[in-house]
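Engineer: The sequence isn't on hand, but the structure is:
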């Protein structure tokens, strides 16, 4: 796959921005003339006009949300087109109240789009169209149906549906999370009533009062403490990532290329035997296809990446889909249904790799389209997609994710696979006769095998099925495998392995505050303990490396460490062994509690109870104020060449500025020379005879 052409990329970005701004632009246009507080008294015709101007269709009682305003992965038919009357009738609203309930829902729907009612993180903001659609499908009909049935049983003709919702109505719901959502929606209605926008005020809009408690001033806090809860989604266990990782790589690198070659032959069979326009019965065409598929499968040479025949998988590969049973040890596949099941397995293997590589939300991953990989000026590949959370734009905001090599390979192969899936459709029908995908979905990187439909909310279930197919559990660590656990896994691994991990993850995850990122990292107490252990081990490891190679290290601390090593050898009366070096490293770092990396290659050896010039008092190091003169500063050996070349460049530019009699330039490059020349003793000896360096050092002494 080649880099996206510049013009095509610019056109796609312009089109994306046009779609993103459309919902806001339509709303602003309507608000010029319409007053939201008058929606309650508008006629149906007036409501339909507003609904149409806002972009939600022109049929009263039918709420249509453009697919471009719905995040990828959620473009389901029932979410894009909500038939309020059918929904209310399905939930049991009596016939006598259907028209009144329908009016109520439509008025509330239009009001939600015109008035900012966001809560929580979106407090005071306009709701996104997708959020409005969710509220109108999931919550509002439930609340209205409960009241309508009660009002009808009482023989009343009232239409105060929100006002008649009772606690019993909420208690009927089995899910605590759904009860909370219903209560929050009632609170939203109450807020609209208080602002004069709505008149049907709920009678239960506040959470039940908590029992009064008089705090005890002295002694321990007597209030009951809630049990600490682990995060909703935990990182994947290391053992599972390792076991599944090599299996997934085998599927992608060994099985993938030869499987795609066979799929291309399937596409040729379908194109040579079309159903549309044929003068024979479709069943006959379907039989011809099946016969040719069988012949192709029987003749296909399954070739691995080494060019040799591909033997059975090195793990118990099974297929559990109907009509595609494939037992462990059975190889190669013998039917077209087994081949299509393997295509689905390959697609999920691609997704597994990319999710674990970039840590995106699943909606963001599903927004990535074919041809979305671009390269930066230094050749780094990025996948362009959309992010929907923490942004105000209706259809999301464009962003990109860096792709490591293995993920880039998976994306490239997935592009080929996705095009094949769309060309295959249902094997017995022409692709165009398959279920049509949603608007704008034809170039999606991910496709539903067996149809042209959107690859949507079944992703976690399909990942669990893949895990079982690969001979592993679908509940790693005892909980279900879901897409968000990959994001938590990336956070955990980065936190354990990378310096500055919170800032790196904040950028990768698209978080708006560091607190959100820290929540991801510290959700699980086990992860916290792992981070502490890794940080301590890394500090001890740095000290061991310094002890073993101290003569090549720089900075004032290198001299102190060298003297400590000499004293320890004298005390023991022998050279230091591996255990001796380990023990000395633990002593120097207080078992890993010190020796912080303040910048690449520069270590602060200050102990927790020691003062330093960067802080002027006892405390943790301040990296921005680290200076080469500090007694606690230790320079790693790999910096030696960089320092030497930096001095050479500074001397060259200093001499040029001196020749031009530019005093300000001379002062600047003199400062650079002084900042580097004493970092390593041997480098100082090398440059101490250079005339320019001698002049700079003399000027410093005279100024002092």
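Structural biologist: All right, it came through fine. Keep in mind that this is a model prediction, so the values were computed, not measured.
Engineer: ok, the residue positioned nearest the centre of the chain - contacts?
Structural biologist: Against the mean C-alpha coordinate of the chain, by C-alpha atoms, centre = their mean, the closest residue is residue 360 at 1.9 Å. By C-beta atoms under 8 Å, 6 or more residues apart in numbering, the contact list for residue 360 reads 385, 401, 487. Quick note: C-beta positions are derived from backbone N, CA and C, even for glycine.
Engineer: hmm, try it at 6 Å
Structural biologist: Taking C-beta atoms under 6 Å, 6 or more residues apart in numbering, we find residue 360 in contact with residue 401.
Engineer: any low-confidence regions in the stretch 151-300 of the chain?
Structural biologist: In the predicted model of the stretch 151-300 of the chain, residues 205-232 satisfy pLDDT under 70.
Engineer: can you do 90?
Structural biologist: 151-181, 183-185, 187-188, 191-197, 199-239, 267, 269-290, 293 (pLDDT under 90).
Engineer: need the strands for the chain, in chain order.
Structural biologist: 62-64, 81-83, 373-375, 381-387, 397-402, 596-599, 602-604, 633-635 (DSSP state E).
Engineer: Quick one: those as CSV, columns for mean neighbour count, distance to residue 538 and mean pLDDT too.
Structural biologist: Formatted as CSV, these follow (neighbours: other C-beta atoms under 10 Å; distance: least, C-beta to C-beta, whole Å; pLDDT from 0 to 100):
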stretch, mean neighbour count, distance to residue 538, mean pLDDT
strand 62-64, 20, 55, 92
strand 81-83, 17, 54, 91
strand 373-375, 18, 33, 86
strand 381-387, 21, 30, 80
strand 397-402, 17, 24, 78
strand 596-599, 17, 8, 81
strand 602-604, 23, 11, 88
strand 633-635, 23, 14, 90
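Engineer: Now distance to residue 590 too, for the ones you listed, in TSV please.
Structural biologist: What follows is those, written out as TSV (distance: least, C-beta to C-beta, whole Å):
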stretch	distance to residue 590
strand 62-64	64
strand 81-83	63
strand 373-375	46
strand 381-387	42
strand 397-402	37
strand 596-599	12
strand 602-604	13
strand 633-635	15
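Engineer: From the opening residue of stretch 59-68 to its closing one, how far?
Structural biologist: Start to finish, the residues bounding stretch 59-68 are 20 Å apart (C-alpha to C-alpha, to the nearest Å).
Engineer: just stretch 588-608 next, same as before
Structural biologist: Termini of stretch 588-608 sit 12 Å apart (C-alpha to C-alpha).
Engineer: So residue 632 sits against residue 607, correct?
Structural biologist: No: look at residue 632 against residue 607 with C-beta atoms under 6 Å: they stay out of range, at 8.6 Å.
Engineer: Give me the more crowded residue out of those two.
Structural biologist: residue 632 (24 against 16; other C-beta atoms under 10 Å).
Engineer: what sits against residue 427?
Structural biologist: residue 336.
Engineer: How much space separates it from residue 325?
Structural biologist: From residue 427 over to residue 325 the distance is 17 Å, taken as C-beta to C-beta, to the nearest Å.
Engineer: burial measure for residue 130, as a count.
Structural biologist: 21.
Engineer: how near is the nearest residue to it once chain neighbours are set aside to residue 137?
Structural biologist: Nearest non-adjacent residue to residue 130, counting by C-beta to C-beta, 6 or more residues apart in numbering: residue 70, 4.9 Å away. For residue 70, the distance to residue 137 (C-beta to C-beta) stands at 12 Å.
Engineer: If you count surrounding residues, which of those two has more?
Structural biologist: More neighbours surround residue 70 than the other of residue 70 and residue 137, with 25 against 17 (other C-beta under 10 Å).
Engineer: just checking, that one touches residue 131?
Structural biologist: No: in this structure, residue 70 is not within contact of residue 131 by C-beta under 6 Å, at 10.3 Å.
Engineer: closest one to residue 124 among the strands of the chain?
Structural biologist: Proximity to residue 124 (C-beta to C-beta) singles out strand 397-402 among the strands of the chain, at 19.3 Å.
Engineer: Relative to that closest one, what are the paired strands and their orientations?
Structural biologist: Strand 397-402 has these partner strands in its sheet, going by DSSP bridges: strand 381-387 (antiparallel).
Engineer: List the contacts of the strand it pairs with.
Structural biologist: 364, 367-368, 372-375, 396-403, 408, 510.
Engineer: Residue 277: neighbour count?
Structural biologist: 6.
Engineer: should've said residue 490
Structural biologist: 22.
Engineer: Which one of the strands of the chain lies nearest to residue 662?
Structural biologist: Minimum separation from residue 662 across the strands of the chain (C-beta to C-beta) falls at strand 596-599, 29.9 Å.
Engineer: who does that closest one pair up with?
Structural biologist: For strand 596-599, pairing defined by DSSP bridges yields strand 602-604 (antiparallel).
Engineer: distance between the strand it pairs with and the chain's centre?
Structural biologist: Centre-to-centre, strand 602-604 and its host chain are 33 Å apart (C-alpha atoms, centre = their mean, to the nearest Å).
Engineer: what's near enough to touch residue 240?
Structural biologist: Contacts of residue 240 by C-beta under 6 Å, 6+ apart are residue 476.
Engineer: right, I mislabeled it, should have said residue 544
Structural biologist: Applying C-beta under 6 Å, 6+ apart, one finds that residue 544 lies in contact with 581, 585.
Engineer: What is the burial count for the closest residue to residue 132 other than its chain neighbours?
Structural biologist: Spatially, and ignoring its direct neighbours in sequence, residue 132 is nearest to residue 112 (5.0 Å; C-beta to C-beta, 6+ apart). Burial of residue 112 is recorded as 22 neighbouring residues (other C-beta under 10 Å).
Engineer: isn't residue 112 right next to residue 133, touching?
Structural biologist: No: in this structure residue 112 lies outside contact range of residue 133 using C-beta under 6 Å: 9.9 Å.
Engineer: Can you give me the pLDDT of the residue nearest to the centre of the chain?
Structural biologist: pLDDT for residue 360: 80.
Engineer: for it, phi and psi?
Structural biologist: With angles defined as degrees, to the nearest 10, residue 360 sits at phi -80, psi 160.
Engineer: quick one: it from residue 134, how far?
Structural biologist: 21 Å.
Engineer: Now do the same for residue 661: its pLDDT.
Structural biologist: Confidence at residue 661, expressed as pLDDT, is 89.
Engineer: Contacts only, for it.
Structural biologist: Residue 661 neighbours (C-beta under 6 Å, 6+ apart): none.
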